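K.L.:
okay, here's the prediction I keep looking at, along with the sequence it came from:
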Amino acid sequence: MNEQHVFEGTDNAYGTSLSEQMKWLHEHALLRHPEVHRIAIALYDARHELLKTYVNSSDVQHPMSLYQKPLAASSSLTELATRHSTRVISDLASLPEPHAEHTRWLLEHGYRSSFTVPLFQSGVLFGFVFFDSRAPGAFDGALSLDLQIYVQLCRMSVLNVINLSHAVEGMVKVARGLAHLRDIETGRHLDRMSSYSRLIARGVSDHFGFGDEFIEHVYLFSPLHDIGKVGIADSILLKPGKLTDEEREIMKGHVDLGVQLVDEVMQDAGLGSTEYVSVMRNVVRCHHEFMDGSGYPRGLSGEALPVEGRIVTIADIFDALTTERPYKKPWSNEDALAELHRMRDAGKLDPRCVAALEDSGDEVRAIQQKFGLNA
Ligand SMILES: [Fe+2]
Ligand SMILES: [Fe+2]
């Protein structure tokens, strides 16, 4: 299989990551509307009912990032979402006190007016676009209408990414004529392990310099890790007893099969060289690799093992240990963490990623409560 082609391709002005695309859009908008000083997109995560910072373009040195809060905590955004309406705030300083945290942040950074648009796909909310200006009243006139084109471009860029994993799943199903893709790994396992993956990615974001975009993409794409299992015969995949050595080797082939499927679909979609596709591909390619080179299929080690791979591996193991399987009872979180420690001490797992999971005990329990603990 050709390993190279995914990373080939030329950078275009539009950019290969969503953050670059936002910057390009913003520069373009500034040519005609120099008073638009910030464009930001927040994602709405319906599974957790959370609104999360995602991508932005602004002139401040430290943009608002790694910020999340329940949508319900903002009555005005909730209203925009229910009414499908937009909101213009002429002067943020005149909003009644106490100001919400993000309003305080905007005021502290000199922004005075804002224009907010909820984003929908088939009537379902998936985020908001925020335009902010340092000039009071900037959006009172025709500007909010002129910005519609940028709203649509932002909407399409984000949908490209969030629909990507559905697209892969859908195309694989169609291509293989398989209806039981979801049965291979249950929805709840995928909900939990992707939520753990996001927790870990957030926890190590400072150290590795990850922004919201990377964190959300790990979250979005981690459920695809075992997609290659669609290519494994049911007689092996669903075998109740132990696998023979030969069967185990065939089973291990699910990793390469998965990479092949992602590559095929992405090439068909012409999305080979974007940054988010490489995150998706690495999640599939590296979810059975270990830091000491003892994993499969390539025995990647150390720096050669991308962080998104290290994260997903830990999230997957932790969920396997803490849930009931036909052959084992669920382990307690403490016992599962003790096992992760053993694997970390043996050099298999990234210590920072293990620590990030361990430091998020409350969130881990909340995820388990929300999505149950049955495999
Ligand atoms: Fe797997
Ligand atoms: Fe899994």
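P.N.:
Noted; the coordinates are in hand. Residues are numbered from 1 along each chain as shown. Ligands and ions are numbered 1, 2, ... in the order given.

K.L.:
so where's the stretch 1-150 of the chain shaky on pLDDT?
P.N.:
For the stretch 1-150 of the chain, applying pLDDT under 70 flags the ranges 1-15.

K.L.:
what's the local residue count around the closest residue to R47 other than its chain neighbours?
P.N.:
Computed as Cβ to Cβ, 6 or more residues apart in numbering, the closest residue to R47 that is not its neighbour in sequence is D191, at 6.5 Å. All C-beta atoms are positioned from the backbone trio N, CA, C, and that covers glycine. Around D191 there are 18 other residues, counting by other Cβ atoms under 10 Å.

K.L.:
counting by contacts, list what the host helix or strand of D191 packs against.
P.N.:
Following DSSP states H and E, one finds D191 within helix 187-203. Using 3 or more Cβ pairs under 8 Å, 6 or more residues apart in numbering; DSSP states H and E, the elements in contact with helix 187-203 are helix 212-221, helix 307-322, helix 351-358, helix 361-371.

K.L.:
would you turn those helices into JSON lines with mean pLDDT, distance to I41 and mean neighbour count?
P.N.:
Compiled in JSON lines, the helices and strands packed on helix 187-203 are given as follows (pLDDT from 0 to 100; distance: least, Cβ to Cβ, whole Å; neighbours: other Cβ atoms under 10 Å):
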{"stretch": "helix 212-221", "mean pLDDT": "94", "distance to I41": "9", "mean neighbour count": "25"}
{"stretch": "helix 307-322", "mean pLDDT": "97", "distance to I41": "21", "mean neighbour count": "24"}
{"stretch": "helix 351-358", "mean pLDDT": "98", "distance to I41": "25", "mean neighbour count": "20"}
{"stretch": "helix 361-371", "mean pLDDT": "95", "distance to I41": "24", "mean neighbour count": "15"}
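
K.L.:
just put the ones you listed in CSV and tack on distance to T86.
P.N.:
CSV is the format used below for the helices and strands packed on helix 187-203 (distance: least, Cβ to Cβ, whole Å):
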stretch, distance to T86
helix 212-221, 23
helix 307-322, 35
helix 351-358, 38
helix 361-371, 31
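
K.L.:
of all those, which one comes closest to R202?
P.N.:
Set against R202 and scored by Cβ to Cβ, the helices and strands packed on helix 187-203 come closest in helix 212-221, at 5.6 Å.

K.L.:
neighbours of R202, just the number please.
P.N.:
When neighbours are defined as other Cβ under 10 Å, R202 has 20 of them.

K.L.:
if I pick the residue nearest to it when sequence neighbours are not counted, what's in contact with it?
P.N.:
Closest residue to R202 in three dimensions, ignoring its sequence neighbours and counting by Cβ to Cβ, 6+ apart: I215, at 5.6 Å. I215 sits next to 66, 198, 201-202, 205 when contact means Cβ atoms under 8 Å, 6 or more residues apart in numbering.

K.L.:
can you select the buried ones from those in PyMOL?
P.N.:
Applying 16 or more other Cβ atoms under 10 Å to those leaves a buried subset, and the PyMOL line that selects it is:
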select buried, resi 198+201+202+205
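
K.L.:
can you tell me which one of the contacts of I215 sits lowest on pLDDT?
P.N.:
Comparing pLDDT over the contacts of I215 singles out L66 as the least confident position, at 91.

K.L.:
tell me how far the residue nearest to R47 lies from L50.
P.N.:
14 Å (Cβ to Cβ, to the nearest Å).

K.L.:
now the strands for this protein?
P.N.:
Applying DSSP state E to the chain gives strands spanning 38-45, 50-58, 68-70, 87-89, 113-121, 124-133.

K.L.:
so the residue nearest to R47 sits against H48, correct?
P.N.:
No. Counting by Cβ atoms under 8 Å, D191 does not reach H48; the two are 9.6 Å apart.

K.L.:
shared neighbours, those two?
P.N.:
Residues within reach of D191 and of H48 at once, by Cβ under 8 Å, 6+ apart, are K370.

K.L.:
if we can go back for a sec, so who does the residue nearest to R47 touch?
P.N.:
By Cβ under 8 Å, 6+ apart, D191 lies in contact with 47, 367, 370-371.

K.L.:
let's go with 10 Å and repeat that
P.N.:
Going by Cβ atoms under 10 Å, 6 or more residues apart in numbering, D191 touches 47-48, 223, 319, 367, 370-372.

K.L.:
kindly report the same for H109.
P.N.:
Residues counted as contacts of H109 (Cβ under 10 Å, 6+ apart) are 37-38, 58-64, 132, 134.

K.L.:
at 6 Å what do you get?
P.N.:
Neighbour list for H109: V60 [criterion: Cβ atoms under 6 Å, 6 or more residues apart in numbering].

K.L.:
same deal with the one 10 residues further on?
P.N.:
Contact analysis of L119 by Cβ under 6 Å, 6+ apart lists 126-127, 155.

K.L.:
in space, what's closest to D140 - neighbours in sequence excluded?
P.N.:
Of all residues not flanking D140 in the chain, S90 sits nearest, at 5.6 Å (Cβ to Cβ, 6+ apart).

K.L.:
so that neighbour is in contact with F139, correct?
P.N.:
No. Between S90 and F139 there is no contact under Cβ atoms under 6 Å: 7.5 Å.

K.L.:
shared neighbours of those two, anything?
P.N.:
Jointly contacting S90 and F139 under the rule Cβ under 6 Å, 6+ apart are S113.

K.L.:
mind listing what's buried in stretch 327-345?
P.N.:
330-331, 333, 336-337, 340, 343-344.

K.L.:
out of those, which is nearest to P118?
P.N.:
Checking these against P118 with Cβ to Cβ, the nearest one is N333 at 36.9 Å.

K.L.:
distance of the closest one relative to I200?
P.N.:
In terms of Cβ to Cβ, N333 sits 14 Å off from I200.
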